[in-house]
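*Asks:* I would like the atomic coordinates for the input below:
(chains A, B and C)
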Amino acid sequence: MNCTDIENKLVDYIDGVLSENETKTINKHIESCSSCKNVFNETNELINAFTNETVAQPTSNLKTSFEEMLAQEKKKQPKVIALQPAKRNSYKSVLQIAASVAILFTGYLLGGYQESQNSQKEIATYQTEQKQLKENMLLAMIDNSSPSTRIKAVNYTEELTTPDTKILEALIDRMHNDSNSNVRLSAAEALSKFTDSELVKTSLIQTLTTEKNPSIQVEVIQILVQIQEKRALDPMKKILEQPEAPDYLKTQVNIGIAQLI
Amino acid sequence: MKQLSDEELMQTVSEGNLDAMTYIFERYNVRLYNFYYQMVKDVAICEDLTQNVFLKVIKYKHSYKGGKFASWIFKIARNLFYDHYQEQKKTQAFEDIDDVTGELDEETIEKEEEVSHLMRVLNNLNEKDKELIVMNRINGIKYEQIAEIVGSNTTAVKTKIHRIVQKLRTNYFETLA
Amino acid sequence: MKTLKITLFLFLCTFIAQAQETYKHSLSGIKKVKFYTDTSIDLTVGSSNELVISGSKNSYQNKSRKEKSKGLKALYSNGNDNTGKGFEVTKDGGTLIVKDLESFMKRSGFKVQLPKGIDVYLNAGNLGHVKVDGITSEIEIKTNIGDIDLVNINGPATVSTNTGTITAVFSTINQSNPISFSTATGDVDVSIASNTKANLSLKSTIGTVYTDFNFKVKKSKGLSPVGNPRKISTELNNGGVLISLKSTTGNVYLRKK
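*Replies:* From the prediction side, this is the model:
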């Protein structure tokens, strides 16, 4: 093998896929040929650089949007799905591109202007659709028989900045009525982000009189104290009168009352 | 369902069981994302492209006719990338007109620094070469499979990749400060 | 002669039934099994697609007493014993419901075997403890004072107890749905692999959170001792499924496996 042959085999040599004989030949050659040795060292370093290149991780958005997409596709399922590609700009065929290049000369500026107008409109519609989709999904998931799915739905609301009343009502319903205390607790936590809403405030106050699970009671007291909700004082005092309320709960109530007055 | 092979999973998807897509997603999302990420260093675009691959898999589920699933899904991924690339070229033509000054702002410079030397050299390759090397060296796809994906034969792909490595090597060490 | 054969056969049947003290129910078409009891449940993975209940010995039932009840049927105020073992087993769609009719005093716990891929709901009432080993599907558990001990599970898991301690050792973590543990006065002690991808939410209102993981804690805003939710939120290995561990007065321990 001459130097060019060696160079051509270097990658396989480094990958370790050559036969024993070939490997030996290259070993020998590299020992005696300084230019090939240099090429080998460099190639080796380059190949190692690839291995060291870190694996990039997508953010959780990818999974979320995948799940949304899947849910939407599932809804569409009974319909027959056409095999033709969707007519979208990005999937233009070569012919279409050729055609648009031809048009480009005549309508260059006008076309560019209209396109950006349209795409802006498209983005706006897309964003509203996304929000709608997220909300629908959430509403569908929040009644699921699996508690972890319900918690997942409740956690989705963290991504909504301004959930509409339907969503808030669904969350309140979970906080008041879910059979699983972890779901009730998650719902209370989620609602703590939307305490600007009067509906949310009253529902939290109501929870103090109805909820019997001390973990949730403590959580809700903390939320109400943080927003300085004085209307919580009465139901909090009532908890102190309950013989079955554990001591640590009463301690939390007392600290809370002190902060509210 | 976890025990099923990629091919079996895709089979159930084409039979209309979309739940199997979740497993396909779990197995392929990071690989596809990385494939794109080496080509375009933009999280949002890469996530969009990756997401679109799965959408296409669902849309064209009936056109999957058996065969190596990995090759099939990477074919889809590639096509989407080229669509994106064409699109990109067009919009860039518009942007260049606006951006007469062409100066780099500080943010861009900072971003540049985060990119490894290897990536900078990779970016100087043409898209076809870059794609081959990314698939082989970063995504760890075997020559045979790449040949299947790009519609070529194994020997040709192998020779090509070895040549790209040598080309890269020269650039890599020439530009290494 | 014929009657003798039949008697012998019947005798053998009862003998086998008494010796094994197990109850089996096929799980074909069943996705989820729910248990309601007031005593402890020890759940492990079996080899068949069946529900197998065993070791449900009745401590008060000595031999002479057993003799007395021979030929009679046990009556319970809370359900109908259709298993002969003091359990009521009913089917509701894809869900099998197992209701323990015996009192805590009479039954000192029982063992259950299920296939690993089945969803389970375990309600151990006021006094029962719960042990689960190897179930890879969704788990929902509720106890009042009983401890909860989970090993070789993957999640999703939704576990709550009032005064019990929750201990869990996860094998890999299923990224599909969140894991959520809460106890009012007990501790939460969870071990996960160090490469687990997760969004963590760790909180103890009065106790302390301990871990051997190295992660940055996002500082919560505000300094008020009561208003401050004391919640620790962080991403582990770039984030993943939500793992929420809460204790009101106990401690929270998160360990590397």
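
*Asks:* name the residues of stretch A:203-223 that are buried.
*Replies:* A:203-205, A:207-208, A:211, A:213-223 (16 or more other CB atoms under 10 Å in any protein chain shown). For every residue, glycine as well, the C-beta is placed using N, CA and C.

*Asks:* cool, and stretch B:61-77?
*Replies:* Those would be B:61, B:64, B:69-74, B:76-77, for stretch B:61-77 by 16+ other CB under 10 Å.

*Asks:* just the helices from the chain, written as ranges.
*Replies:* Assuming you mean chain A. A:3-15, A:20-32, A:34-52, A:60-76, A:94-141, A:147-156, A:165-177, A:181-191, A:198-210, A:214-226, A:233-241, A:247-260 (DSSP state H).

*Asks:* think we crossed wires, I meant chain B
*Replies:* According to DSSP H, the helices that chain B contains are B:6-14, B:20-39, B:43-59, B:69-98, B:106-114, B:117-123, B:127-133, B:143-150, B:154-174.

*Asks:* which strands and helices sit next to the second one?
*Replies:* Under the contact criterion of 3 or more CB pairs under 8 Å, 6 or more residues apart in numbering or on different chains; DSSP states H and E, the helices and strands touching helix B:20-39 comprise helix A:60-76, helix B:6-14, helix B:43-59, helix B:69-98, helix B:127-133.

*Asks:* does chain B sit close to the first one?
*Replies:* Read it as helix A:60-76. Yes - Helix A:60-76 reaches chain B (CB under 8 Å from any CB of the partner chain) through A:61-63, A:65-66, A:69-70, A:73-74.

*Asks:* ok, now how distant is A:R174 from B:S71?
*Replies:* 45 Å (CB to CB, to the nearest Å).

*Asks:* break chain B into its domains for me.
*Replies:* B:1-103, B:104-177 (automatic domain parsing).

*Asks:* nearest to C:G128 among those would be which one?
*Replies:* domain B:1-103 (31.6 Å; CB to CB).

*Asks:* OK, contacts around the closest residue to A:A49 other than its chain neighbours?
*Replies:* With sequence-adjacent residues excluded and distances taken as CB to CB, 6 or more residues apart in numbering or on different chains, A:A49 is closest to B:L118, at 4.6 Å. Contact partners of B:L118, counting by CB atoms under 8 Å, 6 or more residues apart in numbering or on different chains, are A:46, A:49-50, A:53, B:172.

*Asks:* go again using 7 Å as the cut-off
*Replies:* Residues counted as contacts of B:L118 (CB atoms under 7 Å, 6 or more residues apart in numbering or on different chains) are A:49-50, A:53.

*Asks:* now, among those, which is nearest to C:T183?
*Replies:* Among these, and counting by CB to CB, the member closest to C:T183 is A:E53, at 44.1 Å.

*Asks:* quick one: residues contacting the closest one.
*Replies:* B:116, B:118, B:138.

*Asks:* specify which member of the residues you listed is nearest to B:L168.
*Replies:* For these, the nearest to B:L168 is B:L118 (8.4 Å; CB to CB).

*Asks:* number of nearby residues for the residue of the stretch 151-261 of chain A found nearest chain B?
*Replies:* Using CB to the nearest CB, the single residue of the stretch 151-261 of chain A nearest to chain B is A:K152, 13.5 Å away. When counting by other CB atoms under 10 Å in any protein chain shown, one arrives at 23 neighbours for A:K152.

*Asks:* around chain B, pick out the residues from chain C.
*Replies:* Residues of chain C lying close to chain B (CB under 7 Å from any CB of the partner chain): none.

*Asks:* any regions of chain A where pLDDT drops low?
*Replies:* By pLDDT under 70, the weakly predicted segments of chain A are A:54, A:77-134, A:137.

*Asks:* up against chain C, what does it have?
*Replies:* A:57, A:60, A:146-149, A:151-152, A:155, A:180-182, A:185-186, A:214-215, A:218, A:222, A:225-226, A:248, A:255-256, A:259.

*Asks:* going through those, which ones are buried?
*Replies:* A:57, A:60, A:146-149, A:151-152, A:155, A:180-182, A:185-186, A:214-215, A:218, A:222, A:225-226, A:248, A:256, A:259.

*Asks:* tell me the pLDDT of the closest residue to A:M69 other than its chain neighbours.
*Replies:* Spatial nearest neighbour of A:M69, chain neighbours left out: B:L55 (5.8 Å); criterion: CB to CB, 6+ apart. Listed pLDDT for B:L55 reads 92.

*Asks:* now the buried residues of stretch B:61-77 as TSV including pLDDT and distance to C:N123?
*Replies:* As requested, these are exported to TSV (pLDDT from 0 to 100; distance: CB to CB, whole Å):
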residue	pLDDT	distance to C:N123
B:K61	86	41
B:Y64	82	44
B:F69	87	43
B:A70	85	45
B:S71	84	49
B:W72	87	47
B:I73	90	44
B:F74	88	48
B:I76	88	47
B:A77	89	47
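
*Asks:* nearest to chain C, of those?
*Replies:* Out of the buried residues of stretch B:61-77, the member with the shortest distance to chain C (by CB to the nearest CB) is B:I73, at 19.9 Å.

*Asks:* what's the distance between that closest one and B:I24?
*Replies:* For B:I73, the distance to B:I24 - CB to CB - is 8 Å.

*Asks:* overlap in contacts, the two.
*Replies:* Common neighbours of B:I73 and B:I24 (CB under 7 Å, 6+ apart) are B:V57.

*Asks:* break chain A into its domains for me.
*Replies:* A:3-49, A:134-260.

*Asks:* pick the most buried one from these.
*Replies:* Compared across those, domain A:134-260 shows the largest average neighbour count, a mean of 18 (mean count of other CB atoms under 10 Å in any protein chain shown).

*Asks:* and C:N123, its phi and psi?
*Replies:* Dihedral pair for C:N123: phi -120, psi 110, per degrees, to the nearest 10.

*Asks:* C:L242 - that's part of a helix, no?
*Replies:* No - if the criterion is DSSP: H, G, I helix; E, B strand; the rest coil, then C:L242 is strand and not within a helix.

*Asks:* grab the nearest non-local neighbour of it.
*Replies:* C:P178 is the one closest to C:L242 (CB to CB, 6+ apart), at 4.0 Å.

*Asks:* residues contacting that neighbour?
*Replies:* Taking CB under 7 Å, 6+ apart, one finds A:148, A:151-152, A:155, C:156, C:241-242, C:244 in contact with C:P178.

*Asks:* hmm, try it at 10 Å
*Replies:* By CB atoms under 10 Å, 6 or more residues apart in numbering or on different chains, the contact list for C:P178 reads A:147-152, A:154-155, A:182, A:186, C:155-158, C:198-199, C:201, C:241-244.

*Asks:* next: A:D12.
*Replies:* Contacts of A:D12 (CB under 10 Å, 6+ apart): A:18-19, A:22-23, A:26, B:158, B:162.

*Asks:* looking at those, which is nearest A:I6?
*Replies:* Nearest member of the contacts of A:D12 to A:I6, counting by CB to CB, is A:I26, at 6.0 Å.

*Asks:* and the gap between the closest residue to A:Q228 other than its chain neighbours and A:S179?
*Replies:* Leaving out its chain neighbours, the residue that sits closest to A:Q228 by CB to CB, 6+ apart is A:L260, at 6.7 Å. Using CB to CB, A:L260 is found at 31 Å from A:S179.

*Asks:* coming back round to it: please identify which of the helices of chain A is closest to C:D38.
*Replies:* helix A:181-191 (18.4 Å).
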